[in-house]
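Engineer: below are the sequence and a predicted model for it; my questions follow.
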Amino acid sequence: MQAVVYTKENCQWCDRVKQLFKAVDIDYLEYKYDKDFTKSQFYGEFGEGATFPQVSIGTKHIGGCKETLQYLQQQEML
């Protein structure tokens with residue numbers, strides 16, 4: 001299973017999602033704000049007011065840290 005995580009520097013929620021993926025052995029590709037994408041690209045993809053991190057697993061957009069945790073629990077991966 002492959003995940004994609006959109007992160008920014010000094011974001012505790014971004015760090016938590018990455019730690020969670022490492023704990024459950026999910027490979028992820030990380031895209032970093034101001035390095036790999038701009039604010040307008042981020043909002044274009046996820047909508048105005050979207051927060052960090054944003055996570056997709058496979059082809060499914062999951063959402064932020066809380067939604068990712070809920071998704072992994074529902075999939076019985078935790």
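Structural biologist: Structure received. Numbering: from 1, shown residues only.

Engineer: just say helix, strand or coil for the most centrally placed residue in the chain.
Structural biologist: Nearest residue to the geometric centre of the chain (CA atoms, centre = their mean): residue 55, 2.7 Å. Secondary structure state of residue 55, per DSSP: H, G, I helix; E, B strand; the rest coil, is strand.

Engineer: pretty sure it contacts residue 66?
Structural biologist: No: with contact defined as CB atoms under 8 Å, residue 55 does not count as touching residue 66 (10.5 Å). Any C-beta I mention is one placed from the backbone N, CA and C, and that applies to glycine too.

Engineer: nearest residue to residue 53 in space, please, no chain neighbours.
Structural biologist: Spatial nearest neighbour of residue 53, excluding adjacent residues (CB to CB, 6 or more residues apart in numbering): residue 14 at 4.3 Å.

Engineer: do residue 68 as well
Structural biologist: Nearest residue to residue 68, sequence neighbours excluded (CB to CB, 6+ apart): residue 55, at 4.7 Å.

Engineer: fine by me, we can end here.
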